[in-house]
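>>> What would the 3D arrangement of this be:
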Amino acid sequence: MIQQITHITNLWAHFIVNTLITRGVYHFCIAPGSRSAPLTLALTALKSQYLESDQKNIELHTHFDERGLGFYALGISKSTQTPVAIITTSGTAVANLHPAVIESYQTQTPLIILSADRPPELLGCGANQAINQQQLFSGNVAHFQQLDLPARDLPLYQLVKSINQCMEYAVGAVSGIDPGPVHINCPFREPLYGDSDLQDYSDYIATYDEMARKQAAEQLSSATWSVDYDIAKFPKHSSNTLIIAGAISKAESDEVLALSRSTGWPIVADISSQLRLNGDTHIFHYADLIMASKASFEPLNAIEQVIQFGGRITSKRINQWVGRFKGEYKIVSRFHEKLDPHHKALQVKVPIEQYCNQVTYKGRSSSTSNILTRLNKKLDCWIDRELADGFSELSVVRTLSCILPAGTALFVGNSLSIRLMDMFAAPANRNPVYSNRGASGIDGVLATAIGSALNHPRGLTLLIGDTSLLHDLNSLSLARNIATPLVIIVLNNDGGSIFNLLPIDNQQDLKEAFFRCPHGLSFEAACQMFSINYVKPNSLESFKLGYLEAIDNNHCTLIEIAVPSDQATSKIKQIIQQVENLPC
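Numbers count the residues shown, from 1 in each chain. A predicted model of the protein is given here:
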């Protein structure tokens with residue numbers, strides 16, 4: 001433990017970040033700034049100390065854009081399943097984290113926001129870069145903690161206790177609170193870089209009782225993302241049961257698949273379920289299209305019970321069908337957050353693994369399941385035929401799902417990208433799938449994907465729309481430094497072409513100007529600016545060759561798929577019309 005340091009502010013900064021490290025925070029994302037200098041300096045010193053002692057590997061990440069940095073941290077937390085800390089200076093730098101904090105809160109992903117702040121005497125008086133940062137994120141954090149100004153007459157134990165409490169909130173160890181982002185506001189007076197002379201703080205540090213520290217560590221040593229669960233109401237024994245898999249983890253998806261195999265209950269798998277790219281015969285990969293088929297309605301009407309694991313279903317047709325469903329409907333999740341837009345389900349708060357392991361029913365595939373299996377196989381062959389010819393967003397998505405190498409990850413952007421993958425992906429190599437489906441925004445997708453890629457040495461592929469990429473373009477600066485295969489496939493249909501599906505065909509000018517917002521831009525110059533490899537294929541074959549070469553190299557490649565603005569949406573409408581009359 002340090003005994004000498006230049007200033008009380010630096011000592012407090014040391015205790016703040018060291019407490020986080022001892023509680024399992026190893027990734028720190030740092031934005032440049034002067035007011036946050038005490039935290040940054042403390043981190044760099046601690047990283048060196050831990051490295052020399054070979055105790056912990058502290059990773060420090062930087063980015064000049066706080067909005068991108070926040071999403072980058074979110075991606076790291078998603079893929080590592082650990083809390084990640086973000087450090088910013090005061091003012092609007094903190095506010096730029098808000099979109100990432102919202103997504104973090106919506107998806108129960110733990111982020112620790114350490115925002116440096118001006119002291120009270122510099123607030124509300126016109127001082128530079130001074131805003132009201134208390135409760136800045138309002139109801140979008142699991143917990144807010146306002147720290148005191150560093151002072152000798154305030155005990156270090158109280159500071160450490162506050163940071164410990166914040167960690168409990170972040171990982172979901174507080175009863176009734178889901179894991180999520182925590183905001184710690186840290187006011188600092190100058191000097192921010194310390195004084196010229198070392199000061200002796202041994203007496204002050206001695207007041208930090210050793211036994212109290214050990215007790216705090218023991219209380220948190222078992223803190224994980226798990227939460228206490230209620231006694232679950234388990235399903236009735238019925239062969240006419242349908243499983244819907246929403247946004248769940250890989251471990252949870254394994255348990256759901258095992259449940260399906262033992263009970264014979266078929267699975268409708270969302271692209272975020274970690275099951276959509278799994279070729280198991282118990283999984284129905286084209287549920288969105290099956291729901292569009294008139295032939296599917298009769299067997300689906302025989303379903304007596306729906307058990308949904310996780311939430312945030314991508315398919316509008318599946319959501320509509322669940323809304324009309326008249327039987328028993330349960331949603332199983334370990335989180336407190338409500339996942340039922342229809343307000344009709346019994347939500348069972350219990351770990352999914354626990355729920356699946358206590359279902360005793362053993363059965364075989366029902367007639368409904370057999371009909372869905374036939375439809376699934378028919379659609380698989382039919383989609384291949386429909387998309388075999390021509391170079392389009394749909395055929396690129398289908399091809400990508402088939403050639404994703406095993407062991408690599410897929411990140412799917414929002415809007416049209418995730419819908420195309422959900423509708424048309426072929427199951428192949430069980431690749432892990434990431435997305436930002438908490439608030440389903442198109443901002444920060446690139447940065448989140450790059451953060452997620454850090455934990456996938458064999459590579460990650462991002463499928464993203466052009467407008468979404470434009471939102472986060474300066475995060476390409478993060479991509480150029482990556483040392484693993486990162487492939488960005490941008491579907492450039494010149495704007496928000498998903499709005500072509502809006503029911504306002506008689507107001508085309510209004511749709512173009514205020515919804516689709518065409519931009520007429522290409523991404524080649526941006527790749528040159530950020531030293532990113534650039535490929536622009538004009539056929540499916542050239543796309544395959546370009547992609548397979550890109551995913552085999554330890555750098556970033558952007559593949560631009562330039563297509564007419566109405567191509568994908570016109571083809572979707574055509575396919576849906578054909579599927580509606582597809583026989584069993």
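>>> going forward, measure contacts and count neighbours with C-alpha atoms only.
Fine.
>>> I'd like to know which elements the longest helix anywhere in the chain is packed against.
If you go by DSSP state H, the chain has its longest helix at helix 367-386. Contact analysis of helix 367-386 by 3 or more C-alpha pairs under 8 Å, 6 or more residues apart in numbering; DSSP states H and E lists strand 283-284, helix 287-292, helix 294-301 as its packing neighbours.
>>> Turn the ones you listed into a markdown table, including mean pLDDT and mean neighbour count.
Shown next, in a markdown table, are those (pLDDT from 0 to 100; neighbours: other C-alpha atoms under 10 Å):
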| stretch | mean pLDDT | mean neighbour count |
| --- | --- | --- |
| strand 283-284 | 93 | 26 |
| helix 287-292 | 86 | 23 |
| helix 294-301 | 76 | 16 |
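>>> Out of those, flag the one nearest residue 367.
With C-alpha to C-alpha as the criterion, residue 367 lies closest to helix 294-301 of the helices and strands packed on helix 367-386, at 7.9 Å.
>>> What's the first helix or strand after the helix or strand containing residue 158?
Assessed by DSSP states H and E, residue 158 sits inside helix 156-170. Using DSSP H and E, the next helix or strand after helix 156-170 towards the C-terminus is strand 182-187.
>>> chain center to whichever helix or strand comes after that following strand: distance?
Counting by DSSP H and E, the next helix or strand C-terminal to strand 182-187 is strand 199-200. Centroid separation between strand 199-200 and its chain, computed with C-alpha atoms, centre = their mean, to the nearest Å, is 45 Å.
>>> Please point out which parts of the following helix or strand past strand 199-200 sit buried.
Moving toward the C-terminus from strand 199-200, the next helix or strand (DSSP H and E) is helix 202-206. If you call a residue buried by 16 or more other C-alpha atoms under 10 Å, then helix 202-206 has these buried ones: residue 205.
>>> all strands of the stretch 251-400 of the chain, in order?
With strands called from DSSP state E, counting those that start in this stretch, the stretch 251-400 of the chain shows them at 267-269, 283-284, 305-309, 328-333, 346-349.
>>> Output the helix or strand encompassing residue 78 as CSV, nothing but the C-alphas.
Using DSSP H and E, residue 78 sits in helix 66-80. Extracted in CSV, the C-alpha atoms of helix 66-80 (Å, rounded to 0.1, in the frame of the first residue of the first chain):
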residue,chain,number,x,y,z
GLU,A,66,-16.8,9.8,-25.6
ARG,A,67,-19.9,8.5,-27.4
GLY,A,68,-17.9,5.9,-29.3
LEU,A,69,-15.9,5.1,-26.2
GLY,A,70,-19.0,4.3,-24.2
PHE,A,71,-20.2,1.8,-26.8
TYR,A,72,-16.7,0.4,-27.1
ALA,A,73,-16.8,-0.3,-23.4
LEU,A,74,-20.3,-1.8,-23.8
GLY,A,75,-18.9,-4.2,-26.4
ILE,A,76,-16.1,-5.3,-24.2
SER,A,77,-18.5,-6.0,-21.3
LYS,A,78,-20.8,-7.9,-23.6
SER,A,79,-18.1,-10.3,-24.8
THR,A,80,-16.1,-10.7,-21.6
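>>> Now do that helix: which elements does it pack against?
strand 27-30, strand 84-88, helix 98-106, strand 111-117, helix 445-453.
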